[in-house]
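Asks: For reference, the sequence and a predicted model appear below.
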Amino acid sequence: MVCEGAAAPLHRTDAVDQEAKRKAPPVRVRLVQEVALGVSPVERLSRMREHVLARPFAESEDVPHQQPFSDNVENVLVLPEMWPVGFFNFDGYQSFANRHYDEYHQLLGELSRTLNCWTFGGSAPFRRGEEYFNRSVVMSPAGACHYFDKLHLFAYRSREAEILSRGSRLVAFASPLGMTGVLTCFDLRFPESFRALRAKGCQAFVIVAAWPKQRVAHWKALLVARAIENQAWVIGVNGSGEDFGTELGGGSMIVGPDGSVVLDLVDESASQGAVIAAGLADQIRAEFPFHDSAIPDLLGHSSAFPVVRSA
């Protein structure tokens with residue numbers, strides 16, 4: 001559903017909106033926030049496969065609020081954090097990484113090929129050597145892969161920081177959304193990560209999460225803030241429902257580069273989509289170039305943090 005309280009665009013006119021939509025490549029984005037898919041990884045992987053494939057992209061345009069586009073529409077699928085194992089299933093992290101990670105990776109490839117979409121596959125525990133990471137995986141229809149290991153590990157009433165190692169770099173890559181950065185849940189609270197990615201040309205950010213219901217207001221406010229301060233598309237997918245004793249908040253959103261809320265999922269089991277104009281970020285930045293006034297020295301050490309950019 002379209003959020004009734006969507007923020008007003010910044011210094012824009014309907015004429016500018018229509019011109020931006022005409023020039024920008026259309027992208028159909030589908031959000032899936034269901035995580036109550038069973039207890040075992042085998043159940044969860046199987047049920048997510050059935051859930052996603054049961055509804056092809058051609059039938060998922062629940063928010064036809066934009067002007068009609070041609071048939072040349074790219075597809076993007078986004079899943080939530082740690083859905084194959086359950087974020088709060090800490091005792092299952094290492095077992096999943098050792099026994100089921102390859103199945104998870106293969107499923108993302110299958111979904112991308114079958115649906116001809118880019119799959120932002122949420123995240124899952126991954127083992128490298130003797131260390132374990134919360135790894136986000138992105139897969140293109142042609143099989144190209146991009147990986148991001150979560151930087152900021154959650155320690156408040158959580159064992160994530162005890163069991164896992166944090167990542168060591170940010171990742172930017174070209175996708176149908178434009179140059180794109182992926183971040184994971186708690187990373188959303190640290191705006192310097194987004195600023196470093198924007199400096200590398202990112203026009204869109206995808207955040208996958210397992211954000212508790214009790215603080216879901218923070219999740220929503222921060223998604224809008226990250227969009228406004230970076231003039232970028234922000235796509236946030238949060239799990240919903242019971243997750244090993246913790247209620248997740250849902251509230252997955254698509255926020256435009258002007259801060260307007262394009263899509264806000266309030267139904268816990270919702271799987272909805274919207275067609276967006278991916279190039280709109282460039283239009284907004286050209287019209288209101290406030291980043292030209294940024295003082296680079298204020299970024300401090302974060303300006304030198306590793307950001308890997310791939311085509």
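Replies: Arrived safely.

Asks: okay, now the closest residue to residue 89 other than its chain neighbours: neighbour count?
Replies: In space, and not counting its chain neighbours, residue 89 is closest to residue 244: 4.6 Å by Cβ to Cβ, 6 or more residues apart in numbering. From N, CA and C alone the C-beta is placed, and that goes for glycine too. The local packing of residue 244 (other Cβ atoms under 10 Å) involves 14 other residues.

Asks: Got the phi and psi for residue 244?
Replies: phi 50, psi 50 (degrees, to the nearest 10).

Asks: and what of residue 252?
Replies: With angles defined as degrees, to the nearest 10, residue 252 sits at phi -60, psi 140.

Asks: Would you mind listing the residues in contact with it?
Replies: By Cβ atoms under 8 Å, 6 or more residues apart in numbering, the contact set of residue 252 is 31, 33, 80, 236-238, 240, 263-265, 270.

Asks: change it to 7 Å
Replies: Going by Cβ atoms under 7 Å, 6 or more residues apart in numbering, residue 252 touches 31, 33, 236-238, 265.

Asks: Format these as CSV; extra columns: distance to residue 195, pLDDT and secondary structure.
Replies: What follows is those, written out as CSV (distance: Cβ to Cβ, whole Å; pLDDT from 0 to 100; DSSP: H, G, I helix; E, B strand; the rest coil):
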residue, distance to residue 195, pLDDT, secondary structure
31, 25, 95, strand
33, 27, 92, coil
236, 17, 98, strand
237, 22, 97, strand
238, 22, 96, strand
265, 27, 91, coil
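
Asks: Just send the residues you listed back as a markdown table, with neighbour count and distance to residue 290 too.
Replies: As requested, the contacts of residue 252 are exported to a markdown table (neighbours: other Cβ atoms under 10 Å; distance: Cβ to Cβ, whole Å):
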| residue | neighbour count | distance to residue 290 |
| --- | --- | --- |
| 31 | 25 | 29 |
| 33 | 28 | 32 |
| 236 | 30 | 23 |
| 237 | 28 | 28 |
| 238 | 29 | 29 |
| 265 | 24 | 30 |
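
Asks: Now distance to residue 97 too, for those, in CSV please.
Replies: CSV is the format used below for the contacts of residue 252 (distance: Cβ to Cβ, whole Å):
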residue, distance to residue 97
31, 26
33, 23
236, 25
237, 22
238, 23
265, 29
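
Asks: ok, of those, which one's closest to residue 214?
Replies: residue 238 (12.9 Å; Cβ to Cβ).

Asks: hey, what's that closest one bridged with?
Replies: Residue 238 forms beta bridges with residue 209, as assigned by DSSP bridges.

Asks: Residue 263 now?
Replies: Going by DSSP bridges, residue 263 is paired in beta bridges with residue 254.

Asks: Any stretches of the stretch 201-311 of the chain with poor pLDDT?
Replies: 267-270, 297-304, 311 (pLDDT under 70).

Asks: if you set the cut-off to 90 instead, what comes out?
Replies: Scanning the stretch 201-311 of the chain for pLDDT under 90 picks out 242-243, 245, 266-273, 278-279, 288-311.

Asks: quick one: the helices in it?
Replies: 216-230, 280-287 (DSSP state H, counting those that start in this stretch).

Asks: out of the contacts of residue 252, which one sits closest to residue 309?
Replies: Comparing the contacts of residue 252 against residue 309 with Cβ to Cβ places residue 236 closest, at 22.1 Å.

Asks: Quick one: residues contacting the closest one.
Replies: By Cβ under 7 Å, 6+ apart, the contact set of residue 236 is 207, 209, 223, 252-253.

Asks: Likewise for residue 119?
Replies: 77, 108, 111-112, 138-139.

Asks: name the element residue 77 belongs to?
Replies: Assigned by DSSP states H and E, residue 77 belongs to strand 74-78.

Asks: So what's the gap between the longest strand seen in the chain and the chain middle?
Replies: In the chain, assigned by DSSP state E, the strand with the most residues is strand 118-128. Here strand 118-128 is found 12 Å from its chain centre; the criterion is Cα atoms, centre = their mean, to the nearest Å.
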